[in-house]
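> sequence isn't available, so here's the structure alone:
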């Protein structure tokens, strides 16, 4: 086994590089990010004003 060599195919760097994102996809990503940020801000606002009531809305009744 000491004399065996493993042959690997030559590596092509151009296959590893992802294609640049299209401008439309970048705008959609930015819009989604803004929507998620708005939702998180809304949740944060609810938690700041009344966290206990918010949590009680998710507590299961009867230990289910």
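Received the coordinates, thanks. The structure presented is a predicted model; accordingly, all values stated were derived computationally and were not measured.
> around residue 47, count how many other residues there are.
Residue 47 has 13 neighbours, counted by other C-beta atoms under 10 Å. The way it works is simple: take the backbone N, C-alpha and C, and place the C-beta from them, glycine included.
> check contacts around it.
Neighbouring residues of residue 47 by C-beta atoms under 8 Å, 6 or more residues apart in numbering: residue 54.
> that one is in what secondary structure piece?
Following DSSP states H and E, the helix or strand that holds residue 47 is helix 23-56.
> average pLDDT for that helix?
When the per-residue pLDDT values of helix 23-56 are averaged, the result is 88.
> now do residue 4 against residue 10, distance only.
Applying C-beta to C-beta, to the nearest Å, the value for residue 4 to residue 10 is 20 Å.
> same check, this time on residue 40
Separation of residue 40 from residue 10 (C-beta to C-beta): 47 Å.
> of those two, which one has the most company?
Comparing residue 40 with residue 10 by other C-beta under 10 Å, the one with more neighbours is residue 40, at 10 against 4.
> how far away is the more buried one from residue 61?
Computed as C-beta to C-beta, the residue 40 to residue 61 distance reads 28 Å.
> ditto for residue 22
For residue 22 relative to residue 61 (C-beta to C-beta), the value is 49 Å.
> could you do residue 29 as well?
Here residue 29 is placed at a distance of 40 Å from residue 61 (C-beta to C-beta).
> which of the two has more neighbours?
Just comparing residue 29 and residue 61: by other C-beta under 10 Å the higher neighbour count belongs to residue 29, 11 against 5.
> how near is that one to residue 56?
Between residue 29 and residue 56 the computed distance is 36 Å (C-beta to C-beta).
> repeat for residue 46
Taking C-beta to C-beta as the measure, residue 46 falls 12 Å from residue 56.
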